[in-house]
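Asks: here you go, sequence then predicted model.
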Amino acid sequence: MTRILGIETSCDETGASIVEDGRRVLSNVVASQHDLHARFRGVVPEIASRAHLERLGPVIDESLERAGVELRAVDAIAVGNRPGLIGSLIVGVSAAKALAWALDKPLVGVDHVRAHLWAANLYETVDDTPPPPAVGYPALGLVVSGGHTSLYEMAGPTKLRVIGRTIDDAVGEAYDKAAVILDLPYPGGPNLDKLAGTGDGRAYGFPRSMLGAESLDFSFSGLKTAVLYAVRGRPVGRGGEAHFERSANDLTEEERRDLAASFQAAAVDALIRKIDRAIDQREAGGETTKSLVIGGGVSANSLLRERVKEFGERRGIAVFVPAMRYCLDNAAMIAGLAHEQLQRGDVADLSLRAVARGGV
């Protein structure tokens, strides 16, 4: 039995978790910063890093208390060291290195994006209850968040190859921008999802960008612009004299709901079409796909969860989506993937660096 303390500070969530044998979550504590960033309708890096400094110690203490585990009894210290906001990452990496040195425990640096694809393996259960099935490989992985929209071939949990990525905006960023255009409160993505559930997704014919006939890349900038023009009209004038004809204040509630639903229908449809295309290409090359794995903040989206379930039934592929509490940034996914790396001897030393950009 291996118990790992995970630390997550890549953006604006301060997290600590104790995970047993890579899957069983004994504790998962997350301190959100939504209240600090709401007035700016987006994350302010300096505020985020300062908040991590204040909150990380108490969050670690609480995770140990909830798990009923003493600090000296953990087997390793894991930290998300890439990618993310550099100031936020430095806080977590510094704390993890200090703990590893003081306790003389192995230190594991984890790629935050890869960890999102491990999140679907996490569970909480009593000792005598069989754990749910784990992801089977080879798999196709899709990470959808505010900073990432990437498609992966997965030969194993730590053997990933990028086969598609966004060429402009991440889908989560497009959600947040669409929410701003519609004048929805922060955080934009969840509030747009809620509003979309009451609208007609066929009311507006927003584009589904597929790029080239064989492309597995994504593009959401055109969809974002289409929503802008549908809400505000096309800009009038040029340069400093340019202005829009109207604003979100001119929308009826029905129009606002339908715009949200139509945006969401287009965004999710583009994701599903690329997953379909990727499976087709793998089958044409004689490769099997046992599982489809979804991870990242947008994996909490209600329509995406519904559509990937339908996709799995249609294609005969097992679909793994994280429990809602593991969709957003959390330390349990960091500790979980760290177990796989530890088993393979993939450990770091005290020269481990915080890196703003990931390896995949």
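Replies: Yes, it's here.
Asks: helix, strand, or coil at the residue nearest to residue 42 when sequence neighbours are not counted?
Replies: Excluding its sequence neighbours, the residue lying closest to residue 42 (CB to CB, 6 or more residues apart in numbering) is residue 176, at 7.1 Å. Glycine gets a C-beta too; all of them are placed from N, C-alpha and C. Following DSSP: H, G, I helix; E, B strand; the rest coil, we place residue 176 in the helix state.
Asks: in stretch 288-300, what counts as buried?
Replies: 289, 291, 292, 293, 294, 295, 296, 297, 298, 299, 300 (16 or more other CB atoms under 10 Å).
Asks: which residues touch residue 209?
Replies: When contacts are counted by CB atoms under 8 Å, 6 or more residues apart in numbering, residue 209 touches 218, 219, 220, 222, 223, 270.
Asks: actually, residue 279.
Replies: Taking CB under 8 Å, 6+ apart, one finds 140, 289, 315, 317 in contact with residue 279.
Asks: ok, residue 158 touching residue 117?
Replies: No. With contacts counted by CB atoms under 8 Å, residue 158 stays clear of residue 117, the gap being 10.1 Å.
Asks: more crowded one of these two?
Replies: residue 117 (28 against 16; other CB atoms under 10 Å).
Asks: now do the contacts for the more buried one.
Replies: Residue 117 is in contact with 141, 143, 152, 154, 157, 160, 293, 295, counting by CB under 8 Å, 6+ apart.
Asks: just the pLDDT for residue 235.
Replies: Residue 235 is assigned 88 on the pLDDT scale.
Asks: quick check: chain neighbours aside, which residue is closest to it?
Replies: Excluding the flanking residues, the one nearest residue 235 by CB to CB, 6+ apart is residue 242, at 4.7 Å.
Asks: okay, that neighbour and residue 233: tell me how far apart.
Replies: 12 Å (CB to CB, to the nearest Å).
Asks: of the two, which one has the most company?
Replies: Taking other CB under 10 Å, residue 242 and residue 233 do not tie; residue 233 has more neighbours (14 against 9).
Asks: got the contact list for the more buried one?
Replies: Here residue 233 is in contact with 244, 245, 246 (CB under 8 Å, 6+ apart).
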